[in-house]
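Colleague: okay, structure incoming, though there's no sequence with it:
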């Protein structure tokens with residue numbers, strides 16, 4: 001993981017800090033995997049997966065899928081240096097594989113996908129102390145599901161009312177309603193109309209969700225019901241070779 005300064009002209013300068021994860025890796029099979037899962041991914045060595053500053057910019061959060069940890073860093077904004085926080089990490093069940101995460105708009109909750117367990121972990125976040133406290137873990141799949149699945153992306157609706165999570169192999173996007181205390185309840189799911197949704201994006205207005213169906217070579221559009229969170233296929237396919245991510249500017 002590298003910290004790159006942005007120069008006045010927009011260029012990137014040489015790294016001011018580089019961190020390499022180390023430690024004991026988790027099991028090759030997720031402790032919390034669905035019944036019949038053969039999911040194996042990235043536990044042969046440390047596997048830094050995502051990094052993002054918290055809303056205040058004082059702390060930086062990163063995930064290591066191989067170590068099954070969410071790491072917390074103190075960030076020196078003047079020198080561009082990361083220092084391990086105290087405590088330095090939150091441990092997750094062996095093999096579950098923390099992948100992507102997102103902060104709620106209120107800055108008090110963090111939602112993290114566990115890739116190989118097909119689970120969504122909910123944390124309270126203390127922005128003053130830079131600490132995470134686990135409060136809920138729930139599946140992104142239907143109760144009757146058995147087999148292999150990998151979660152990919154997690155996004156909060158612009159109005160802060162729903163959390164969406166994508167399932168690869170099950171090829172679905174599930175949505176969860178957010179309770180006043182930040183916990184989640186599964187509200188529904190929708191077939192992605194394609195294979196292997198690597199990621200998805202909600203447009204800034206919150207009206208449309210776009211799924212990058214990587215193995216189907218298409219970006220697929222859904223209309224979002226802002227009252228229920230439900231997705232409705234618009235019949236719009238945009239052909240794109242192995243789409244992996246879509247970003248609105």
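Modeller: Everything's here; your move. All values derive from a computational prediction rather than experimental measurement. Numbers count the residues shown, from 1 in each chain.
Colleague: ramachandran coordinates for residue 184?
Modeller: phi -120, psi 150 (degrees, to the nearest 10).
Colleague: can you check residue 134 too?
Modeller: Per-residue torsions, residue 134: phi -70, psi 140 (degrees, to the nearest 10).
Colleague: list the beta-bridge partners for it.
Modeller: residue 123 (DSSP bridges).
Colleague: touching, it and residue 120? I think so.
Modeller: No. Counting by Cβ atoms under 8 Å, residue 134 does not reach residue 120; the two are 11.9 Å apart. C-beta here means a position set from N, CA and C on the backbone, and glycine is covered the same way.
Colleague: neighbour-wise, which of those two wins?
Modeller: It is residue 120, of residue 134 and residue 120, that has more neighbours when counted by other Cβ atoms under 10 Å, with 23 against 14.
Colleague: list the contacts for the more buried one?
Modeller: With contacts defined as Cβ atoms under 8 Å, 6 or more residues apart in numbering, the neighbours of residue 120 are 111-114, 137-140, 151, 154, 163, 165, 176, 184.
Colleague: now, which of those sits nearest residue 229?
Modeller: Among these, residue 176 lies closest to residue 229 (Cβ to Cβ), at 7.9 Å.
Colleague: among the contacts of residue 120, which ones are buried?
Modeller: Among those, the ones that count as buried by 16 or more other Cβ atoms under 10 Å are 111-114, 137-140, 151, 154, 163, 165, 176, 184.
Colleague: and of the residues you listed, the nearest to residue 52?
Modeller: For the buried ones among the contacts of residue 120, the nearest to residue 52 is residue 112 (11.1 Å; Cβ to Cβ).
Colleague: list the contacts of the closest one.
Modeller: Per Cβ under 8 Å, 6+ apart, neighbours of residue 112: 63, 70, 98, 99, 100, 101, 120, 121, 123, 154.
Colleague: check contacts around the most centrally placed residue in the chain.
Modeller: Central residue of the chain (Cα atoms, centre = their mean): residue 100, 2.4 Å from the mean position. Residue 100 sits next to 49, 50, 63, 112, 113, 152, 153, 154 when contact means Cβ under 8 Å, 6+ apart.
Colleague: of those residues, closest to residue 203?
Modeller: residue 153 (14.8 Å).
Colleague: could the buried ones among the contacts of residue 120 go into TSV alongside secondary structure, distance to residue 195 and pLDDT?
Modeller: Shown next, in TSV, are the buried ones among the contacts of residue 120 (DSSP: H, G, I helix; E, B strand; the rest coil; distance: Cβ to Cβ, whole Å; pLDDT from 0 to 100):
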residue	secondary structure	distance to residue 195	pLDDT
111	strand	25	98
112	strand	25	98
113	strand	19	98
114	strand	22	98
137	strand	27	98
138	strand	25	97
139	strand	21	98
140	coil	17	98
151	strand	15	97
154	strand	20	98
163	strand	23	98
165	strand	17	98
176	strand	24	98
184	strand	26	98
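Colleague: which one of the residues you listed is nearest to residue 82?
Modeller: Checking the buried ones among the contacts of residue 120 against residue 82 with Cβ to Cβ, the nearest one is residue 112 at 19.0 Å.
Colleague: which other helices and strands does the helix or strand encompassing residue 173 contact?
Modeller: When secondary structure is defined by DSSP states H and E, residue 173 falls within strand 172-178. Helices and strands touching strand 172-178, by 3 or more Cβ pairs under 8 Å, 6 or more residues apart in numbering; DSSP states H and E, are strand 162-168, strand 184-191, strand 197-202.
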